[in-house]
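Participant: Take a look and give me a structure for this.
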Amino acid sequence: MARVVVDVMPKPEILDVQGQAVTRALGRIGVAGVAEVRQGKHFELDVDDSVDDETLHRIAGELLANPVIEDWVIRRTSETVQP
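Facilitator: A predicted model of the protein is given here:
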């Protein structure tokens, strides 16, 4: 089994209201120097070797992300997971 990480983020042109709220909150708690925050989703999937990249992109595009407003990145980690 292998570990696959899928990170989903709003597309750059999409307003990230949650990220803006975090950015404003940082200023209120006295943290300076952070210009922008974008909030996304992080998924870890443990898959067997039969799951190919095409299938992973299908999973991301049809289930984990909204392809109209979100982009995603898929990466296989070097971490091996015991079944």
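Participant: Any buried residues in the longest helix seen in the chain, and which?
Facilitator: Secondary structure of the chain read by DSSP state H shows that its longest helix is helix 17-28. In terms of neighbour count (16 or more other CB atoms under 10 Å), helix 17-28 has its buried residues at 19, 23. (C-beta placed from N, C-alpha, C; glycine too.)
Participant: Sketch out the low-pLDDT regions of this structure for me.
Facilitator: 79-83 (pLDDT under 70).
Participant: And the helices in it?
Facilitator: 17-28, 53-59.
Participant: Tell me which of the ones you listed sits nearest to residue 6.
Facilitator: Closest approach to residue 6 among these is made by helix 53-59 (7.4 Å; CB to CB).
Participant: picking up where we left off before, now tabulate the helices of the chain in JSON lines and tack on distance to residue 7.
Facilitator: Shown next, in JSON lines, are the helices of the chain (distance: least, CB to CB, whole Å):
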{"stretch": "helix 17-28", "distance to residue 7": "14"}
{"stretch": "helix 53-59", "distance to residue 7": "12"}
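Participant: Out of the ones you listed, flag the one nearest residue 1.
Facilitator: That would be, of these and by CB to CB, helix 53-59, which comes in at 13.9 Å.
Participant: if we can go back for a sec, so which of the helices of the chain comes closest to residue 67?
Facilitator: Closest among these, using CB to CB: helix 53-59, at 10.3 Å.
Participant: remind me, longest strand of this protein?
Facilitator: strand 70-80 (DSSP state E).
Participant: So which residues make contact with stretch 11-18?
Facilitator: 10, 37-39, 69-71 (CB atoms under 8 Å, 6 or more residues apart in numbering).
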